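Visitor: sequence and computational prediction follow.
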Amino acid sequence: MTPEAITAAFSQGAAFHFARWGRPIVPVVFGVDDATLSTVKGAIEAVVTLARHKMAETDPELGANLMVFFFRDWEELPAVPNLDRLIPDLGPLCTRLAAQDAHHYRLFRFDDQGAIRACFTFLRMNSALAELPAEDLALSEAARMILLWGEGAPAFLAQGGGKTLLSPEISALIRAAYDPVLPVATRDPVQAHRLGARVSLAR
């Protein structure tokens, strides 16, 4: 990938913003059966392993720091106990997302270093998402939470050997992004050149 493509992968509009997790990831998943729960947690573990990052049993600050919610309607979320304490203006947010007919929403929280300290992922299982194989959806969402991706991120999934995998570009960027030599967060676009050099070396 070129530095320009990597810059786009971590930019919102013209603003470059790179961030990775700065603490072990502790996931919890709501609204699924046991089989799907196993699939989602397996995908998260696979992506965390790819990044050479860590998972843990509990987060000392939040208990769980990666929360994934599956549901049918946005109006269900304000009824979840204590969720409004974690998500500011939850009611108006859900009203806005329902009006947009949105099927997903992702919110990151950051520590004083700028690193990711929590992620909340909401997936409204409308027909578009419900038609996706659980394994594909889980893998895509796991990849989306491991870094603060921008609007120009490449395709997250690809076909290989008759099954769905992370795309080579996404896999390479995840591994490069978690090089311990690199800063956990930065708004300096020179980070794209650092990532590009590591992607090239990995090849």
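Guide: Now that the structure is in, tell me what you want to look at.
Visitor: which residue is nearest the middle of the protein?
Guide: Centroid check for the chain by Cα atoms, centre = their mean gives Met145 as the closest residue, at 1.2 Å.
Visitor: list the contacts for Arg117?
Guide: By Cβ atoms under 8 Å, 6 or more residues apart in numbering, the contact set of Arg117 is 21-23, 61-62, 65, 109-111. Yep, even glycine has a C-beta here, placed from its N, CA and C like the rest.
Visitor: now, those that are in strands?
Guide: In this view, those that belong to strands under DSSP state E are 109-110.
Visitor: ok, the contacts of Arg117 vs Gly13, which is closest?
Guide: Phe110 (18.6 Å; Cβ to Cβ).
Visitor: burial check on that closest one, number of neighbours?
Guide: 15 (other Cβ atoms under 10 Å).
Visitor: same check, this time on the one 4 residues further on
Guide: Using other Cβ under 10 Å, Gly114 has 18 other residues around it.
Visitor: that one and Pro183: what is the separation?
Guide: Applying Cβ to Cβ, to the nearest Å, the value for Gly114 to Pro183 is 8 Å.
Visitor: helices or strands next to the longest helix anywhere in the chain in the packing?
Guide: When the chain is parsed with DSSP state H, its longest helix is helix 34-51. When contacts are defined as 3 or more Cβ pairs under 8 Å, 6 or more residues apart in numbering; DSSP states H and E, helix 34-51 sits against strand 27-30, strand 66-71, helix 134-146, helix 168-177.
Visitor: contact partners of the lowest-mean-pLDDT helix or strand in the chain?
Guide: The helix or strand of the chain with the poorest confidence is helix 127-130; it has a mean of 76 (mean pLDDT, DSSP states H and E). Applying Cβ under 8 Å, 6+ apart, the contact partners of helix 127-130 are 103-104, 123, 137.
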